[in-house]
Structures are given as structure tokens and as C-alpha cells.
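Trainee: Here's a sequence, model it:
(one chain, ligands or ions: 1)
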Amino acid sequence: MSCKAGQRHHPIRVRQPRLTEDLPGCGRPVYPLDLCLKAPDLSAWRNTASGIPGVQIFDSGLNGPDLVIVGMVHGNEYAGGHALEILRRNNPVPRVGRLTLILANLTAFGCFDSTAPMASRYLTEDLNRLWHPSRLNSSERSSELDRARQILPFIERADLLLDLHSTLWPSEPVFIVPPRRRSSDFACVLASEEQPAALVVTDLGHQGGSRLVEYSRFMAVGGTGRACLLEAGLHWRPETVDMMVKVSERFLRDAMRIHFQGRETDTKQPAEMAVVTDNVLARSADFRFVEPWVGNTCIPNAGTVIARDGHDLICTPYDKCLLIVPNLRPRLGQLAVRLARRTAVHLNA
Ligand SMILES: [Zn+2]
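Mentor: Predicted coordinates:
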């Protein structure tokens with residue numbers, strides 16, 4: 001981490017001995033569970049030529065990079081299902097190399113219930129927290145561990161992997177990359193064509209376990225696999241599908257350049273990069289932001305109160321602090337927000 005990222009001008013957590021009841025605040029907003037997008041018809045993904053449900057392979061037959069696009073690692077994020085179904089119907093055989101499309105948690109998606117749309121995020125555990133040898137190579141079993149092992153051969157061979165996600169709470173699109181230069185270069189190529197350029201965030205990992213983009217293929221020092229995660233927009237919105245399709249098509253178009261060259265040399269505008277400095281967890285069941293912050297909001301001044309957590313005030317530790325994917329109703333112990341600062345250099349460059 002760069003020295004700058006460590007600089008603090010204000011503590012994040014400030015205990016309030018006598019908390020007044022009239023602090024500003026939006027309280028805990030109701031869950032935005034309005035479904036503006038129907039669940040996709042994914043019948044073509046049940047019996048596939050690959051023999052693995054949810055895995056579709058488009059092989060040019062010529063040597064070239066192995067490209068992988070993953071959707072629905074979280075079963076209820078079915079904008080990713082729409083996006084991959086749109087791509088599949090276009091028969092996206094690359095000029096060289098091979099493209100694999102993976103709908104990761106089809107089993108959880110199969111349990112989707114529009115009256116409880118959060119319930120089918122996973123069946124027994126979060127499929128995006130178990131991409132570590134200690135879990136994958138263990139003797140444990142769960143619906144998600146079994147599925148991770150089933151799709152692992154396709155992840156193992158990926159040169160470039162794009163993992164499509166959506167969010168419950170509003171956020172500007174953001175690319176999240178593991179702390180490896182090769183992956184932030186990859187994400188910057190995809191991000192730099194947005195108008196304005198999308199944010200590329202290198203983060204600190206997730207306390208609950210390793211995410212797909214942190215799998216050893218993408219984390220190995222001196223390795224070649226690159227991965228990035230796109231938080232494309234709200235879960236059940238058509239514009240989120242549009243964003244996912246647009247970025248996926250850009251990925252397929254630029255894959256050769258990214259694979260062999262890897263740097264954003266001829267893009268018109270550089271991507272905005274930021275590095276997560278802190279994960280703020282809810283230590284009380286009553287964590288409330290003082291405003292319904294939209295993800296990627298930049299708070300100008302250090303010491304600005306952004307939330308209260310029981311008797312604590314949560315403050316920005318430095319000027320121009322970015323709020324990454326705020327969770328406006330975190331449960332006790334859950335990640336409420338990541339704090340990030342802009343950087344001009346790639347982490348782990
Ligand atoms: Zn997700």
C-alpha cells in the first residue's frame with residue numbers, strides 16, 4: 001500500500017458518551033426491493049454442450065487467450081443472467097482462443113422468489129467467499145462448495161476473467177480488483193471507456209473469505225491470470241443489464257490487446273483508480289448512515305460524520321474520501337462501507 005493511503009487526519013470511530021437523539025440521519029431506509037426486471041429464461045443453460053449446467057463454451061479452435069465471463073455468483077443477481085443470455089444468443093466465438101460463459105449459482109437462482117428476492121443470494125453459503133485452497137481442497141460439502149469445485153477447471157484456465165455483479169443499494173459502477181498490477185491494468189482498460197471513466201478500486205479482500213477474483217490463479221505473484229469484478233448497478237434494473245452487456249462486449253473486443261499488451265496505452269482518458277484503506281463493519285444492530293449515500297460519493301473533508309453505529313460516530317479519516325458500495329442497512333457484524341482514496345499509481349505495481 002502506498003504511504004499516502006496510510007495517512008490519517010481524523011479517527012474513523014469516535015465514541016459519543018451522551019448521544020443526542022437529534023443527530024441528522026436518514027435512519028435505516030427500507031430495502032429497495034422493487035423488481036423492474038423479470039427473472040430471465042435460462043432454460044438453454046440447464047443442458048449444455050459442455051456437460052456442466054450453466055457453462056457455455058465458444059471455442060475458435062485457434063490458440064489464444066482463455067476468456068471467462070461469470071454471472072450470478074449470487075443467485076438473485078439475475079441481471080447477470082440476462083446479460084450472459086444476451087451474449088450467448090449472439091454466438092460470441094472469439095477470433096482466436098476460447099470464451100467460457102458461466103452462470104455460477106443456478107441452483108440458488110432456481111429458488112428465486114419475488115416476494116423474498118434477497119433469500120436466493122445463495123443456498124447454504126456465499127459462493128463468493130470460498131475461493132481459497134483451505135475451503136476448496138477441504139472435505140467440507142455445501143451446495144456452493146460443490147458448485148465451486150465443479151466450475152473450478154474453467155477458472156483455473158482463465159487468462160482474463162470478468163465477474164458480473166449488481167448491488168442492492170444505489171452505486172455508480174465500480175470495478176473491484178485484487179491487489180495485483182496485472183488485474184488493475186485489465187480493469188482500467190474496461191473502465192476508461194466509460195463516460196466519465198468508471199472507478200477501479202483495489203480493495204482489502206473480504207473478511208468472510210476469498211472472492212472469485214482473489215483465487216490463486218489471479219493472486220499468484222508472477223502469475224498471469226487477471227480478474228476483475230464489476231458492480232454494474234442495481235440488482236433488478238434493465239440499465240444494469242445494459243451496463244453488463246456493454247462492458248462484456250468491450251471485454252471481448254479488447255481481449256487480445258489486454259492479453260498481449262495489458263496496458264491502457266491508447267485510451268482517450270485514464271480510468272480513475274482508488275485504493276480501499278478501511279472496511280467499516282457495523283458493531284451494533286443500529287448502524288445508520290446520516291444520508292442515503294450513493295456508492296462512489298466523495299466526501300471532501302476529513303472528520304465528516306457519515307454514519308452512527310450505536311454510540312459511535314463514523315467519520316471520514318481523510319479529505320476526498322470515497323464511499324464504496326455503502327450497505328444502508330447492515331446487520332451486526334456486516335460490512336457497512338469501504339473507505340477509499342484516489343491514487344495515481346497501481347497498488348502492487
Ligand atoms: Zn454479487
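Trainee: near the ion, which residues of the stretch 101-250 of the chain?
Mentor: H165 (CB under 5 Å from the ion). For the C-beta atoms, the positions are set from N, CA and C on the backbone; glycine is no exception.
Trainee: Quick check: the residue of the stretch 101-250 of the chain nearest the ion.
Mentor: H165 (3.5 Å; CB to the ion).
Trainee: Centroid-nearest residue for this protein?
Mentor: L229 (4.1 Å; CA atoms, centre = their mean).
Trainee: which non-adjacent residue is nearest Q56?
Mentor: In space, and not counting its chain neighbours, Q56 is closest to L101: 4.6 Å by CB to CB, 6 or more residues apart in numbering.
Trainee: Summarise which helices and strands whichever strand or helix holds the one you found is packed against.
Mentor: Under the criterion of DSSP states H and E, L101 resides in strand 98-103. Identification of packing neighbours for strand 98-103 by 3 or more CB pairs under 8 Å, 6 or more residues apart in numbering; DSSP states H and E yields strand 55-59, strand 66-71, helix 79-89, helix 143-156.
Trainee: now the helix or strand following it, how far from the centre of its chain.
Mentor: Counting by DSSP H and E, the next helix or strand C-terminal to strand 98-103 is helix 106-109. Chain-centre distance of helix 106-109: 19 Å, with CA atoms, centre = their mean, to the nearest Å.
Trainee: just for the stretch 201-349 of the chain, where's the confidence low?
Mentor: 261-269, 347-349 (pLDDT under 70).
Trainee: Could you pull out the strands in it for me?
Mentor: Taking DSSP state E, counting those that start in this stretch, the strands of the stretch 201-349 of the chain run over residues 226-234, 272-281, 287-289, 297-299, 305-309, 312-315, 321-324, 335-343.
Trainee: Look up how far H132 lies from L281.
Mentor: 20 Å (CB to CB, to the nearest Å).
Trainee: Equivalent analysis for L204, please.
Mentor: From L204 to H132 the distance is 15 Å (CB to CB).
Trainee: rewinding a little: model confidence for the residue of the stretch 101-250 of the chain closest to the ion, exactly?
Mentor: Per-residue pLDDT puts H165 at 98.
Trainee: Which residues are in contact with it?
Mentor: 73-74, 77, 80, 229-232 (CB atoms under 8 Å, 6 or more residues apart in numbering).
Trainee: try 6 Å this time
Mentor: 77, 229, 231 (CB atoms under 6 Å, 6 or more residues apart in numbering).
Trainee: Show me how the protein divides into domains.
Mentor: Under automatic domain parsing, the residue ranges defining each domain of the chain are 3-30+276-343, 43-260.
Trainee: how many other residues sit next to the residue lying closest to P94 once chain neighbours are set aside?
Mentor: Excluding the flanking residues, the one nearest P94 by CB to CB, 6+ apart is S60, at 5.2 Å. As a burial measure, S60 scores 13 neighbours (other CB atoms under 10 Å).
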